[in-house]
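> sequence? don't have it. structure:
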Ligand SMILES: [Cu+2]
């Protein structure tokens, strides 16, 4: 009986904690890059659990000098990256940052980052700030991080 009560208590407590989480972020990772790399990519899955669109208006990290949101677009066989100043997460929808599409551009790492390390990301979603960790993982072959990364400004 006591066990049941404790379990219920835990469930309702975690419900309260999650009630504020309009955006649930999972699978956040950063492909490993050569130590000399000045830019790294970041990927994640964002779930908007509300029935209203939510706008991501800023991303920052204490581990990088600057963070941008980019979308890779292919036109006439040429891929280019377009910075997204703001990104709408559709109501009850899932938005995936993945190689070849939306990605975070992590610019000028402040420390050496190797596989197994994790970095902190801070995402502003409709004025609320979400803080999460992303792990540095082995880059997969089709990752754009393994290609020459051109940055246009
Ligand atoms: Cu980019």
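It's in. All figures in this text were calculated on a predicted structure; none of them were measured in a lab. Residues are numbered from 1 along each chain as shown.
> next, count neighbours for residue 56.
Other residues within reach of residue 56, judged by other C-beta atoms under 10 Å, total 21. C-beta here means a position set from N, CA and C on the backbone, and glycine is covered the same way.
> run through the bridge partners of it.
Residue 56 has these beta-bridge partners by DSSP bridges: residue 87, residue 125.
> just the pLDDT for it.
For residue 56, the model assigns a pLDDT of 97.
> surely it meets residue 97?
No: counting by C-beta atoms under 8 Å, residue 56 stays clear of residue 97, with 10.3 Å between them.
> intersection of neighbour lists for the two?
Between them, residue 56 and residue 97 share these contacting residues under C-beta atoms under 8 Å, 6 or more residues apart in numbering: residue 46.
> how near is the spatially most central residue of the chain to residue 36?
Residue closest to the average C-alpha location in the chain (C-alpha atoms, centre = their mean): residue 44, at 4.3 Å. Distance, residue 44 to residue 36, using C-beta to C-beta, to the nearest Å: 25 Å.
> what does this protein put close to the ion?
70, 81, 105 (C-beta under 5 Å from the ion).
> switch the cut-off to 6 Å
Residues of the chain found near the ion (C-beta under 6 Å from the ion) are 70, 81, 103, 105.
> and the pLDDT for the first one?
To tie it back to what came earlier, the one meant is residue 70. 97.
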